[in-house]
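> sequence-free structure coming up:
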């Protein structure tokens, strides 16, 4: 075969390989861009009107909680505040029947959930402690503004605005309890790790806390038997370029030792989203007064559903321990 023919064949093979690699890379970028949009974009369009659902499944305690919420919807006020970056945030606010009450409960829902999913917890906590109740609409969810969700990072800073709201309503000596589940719990823990965390917060209840966005994605990919590393690298670059933050900053386990308020954690033994081993590592890093309850046969956010009596008992004990701590420190 002539030398020029061999050269042409080699060039063609190289071109085919380059084209193949280029096609694979373009496909990879396309997959990553689709994943980025799925993970960070607003789950649903922002509704113009806060409408009650036409029907509610009351087969679970959360469905019955939502039914209770909408039955007494007129007792909940719609509140709006402007957060640190100008995003307008919304909440449901139910004042206590006792005007002299200085307790506020703030509830944070999980990613892609409606705020009324927290109504069952609100009903429970209102039975355990006389309090005003605030159910937040996380940014990029329901009536709150924002085009993307940061899995606890920006949402942890949003809490400062709601703390200011509580103090303006109830006074500088008010007492705040936070209840979050999933990424809502992550936001609460990330906030508590910051220097200058609101001294009014007396305790945090974290239900199925997500360790980090990366941990959540790794768990999701593990169920599909896929390697998330290449995708995570691309997602970090896109998040930094488009939103200015690194998803690794959503890890609430790294600085958990800085939390000083009491923390109660509920975790499902069958949780496939917030993995039990991840939540255990978070718990082990805590240096505050802490307690962790693992509920057998419970999936993500289903601890209350699977073991209602135990759940309510543990909430009662936690609130009582927080009150005793306040008395000990002369704050009650």
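Okay, I see it. What you see is a predicted model; the values in this text were computed from it and never measured.
> burial count for residue 102?
Neighbours of residue 102 under the rule other C-beta atoms under 10 Å: 20. C-betas here are computed from N, CA, C, even on glycine.
> should've said residue 89
23.
> In three-state terms, label it for me.
strand (DSSP: H, G, I helix; E, B strand; the rest coil).
> Do I have it right that it meets residue 142?
No. Residue 89 is beyond contact range of residue 142, at 10.4 Å (criterion: C-beta atoms under 8 Å).
> Which helix or strand contains residue 318?
Using DSSP states H and E, residue 318 sits within helix 308-328.
> Who are the packing partners of that helix?
helix 119-128, strand 175-181, strand 201-207, strand 263-268, strand 290-295 (3 or more C-beta pairs under 8 Å, 6 or more residues apart in numbering; DSSP states H and E).
> Mind doing that once more with 6 Å?
helix 119-128 (3 or more C-beta pairs under 6 Å, 6 or more residues apart in numbering; DSSP states H and E).
> nearest spatial neighbour of the residue nearest to the spatial centre of the chain, skipping sequence neighbours?
With distances taken as C-alpha atoms, centre = their mean, residue 183 lies nearest the centre of the chain, 1.6 Å away. Using C-beta to C-beta, 6 or more residues apart in numbering and skipping residues adjacent in sequence, the residue nearest residue 183 is residue 111, 4.6 Å away.
> swap in residue 223?
Setting aside the residues directly before and after it, residue 223 is nearest to residue 272 in space (C-beta to C-beta, 6+ apart), at 6.4 Å.
> before we move on, the earlier item: the residue nearest to residue 183 and residue 185 touch, don't they?
No. If you go by C-beta atoms under 6 Å, residue 111 and residue 185 don't touch, sitting 11.1 Å apart.
> quick one: which of those two has more around it?
Neighbour totals were compared for residue 111 and residue 185, and residue 185 leads with 30 against 21 (other C-beta under 10 Å).
> The more buried one contacts residue 211, correct?
No. Between residue 185 and residue 211 there is no contact under C-beta under 6 Å: 10.2 Å.
> I'd like the distance from the nearest residue to residue 90 once chain neighbours are set aside to residue 92, if you could.
What sits nearest to residue 90 in space, not counting adjacent residues and going by C-beta to C-beta, 6+ apart, is residue 143, at 3.9 Å. According to C-beta to C-beta, to the nearest Å, residue 143 stands 9 Å off from residue 92.
> related to what we said a few turns ago, need the per-residue pLDDT for the residue nearest to residue 183.
For residue 111, the model assigns a pLDDT of 95.
> what about it, distance to residue 324?
According to C-beta to C-beta, residue 111 and residue 324 sit 34 Å apart.
> May I ask you to confirm that residue 40 is in contact with residue 146?
No. Using C-beta under 6 Å, residue 40 makes no contact with residue 146, being 10.8 Å away.
> all helices for this structure, in order.
Secondary structure of the chain (DSSP state H): helices at 3-40, 61-71, 119-128, 153-170, 183-192, 213-223, 229-242, 276-285, 303-306, 308-328.
> Now render those helices as TSV, adding mean pLDDT and distance to residue 254.
Listed next are the helices of the chain as TSV, based on pLDDT from 0 to 100; distance: least, C-beta to C-beta, whole Å:
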stretch	mean pLDDT	distance to residue 254
helix 3-40	75	21
helix 61-71	96	31
helix 119-128	95	27
helix 153-170	96	13
helix 183-192	98	10
helix 213-223	88	12
helix 229-242	88	16
helix 276-285	96	8
helix 303-306	97	25
helix 308-328	94	25
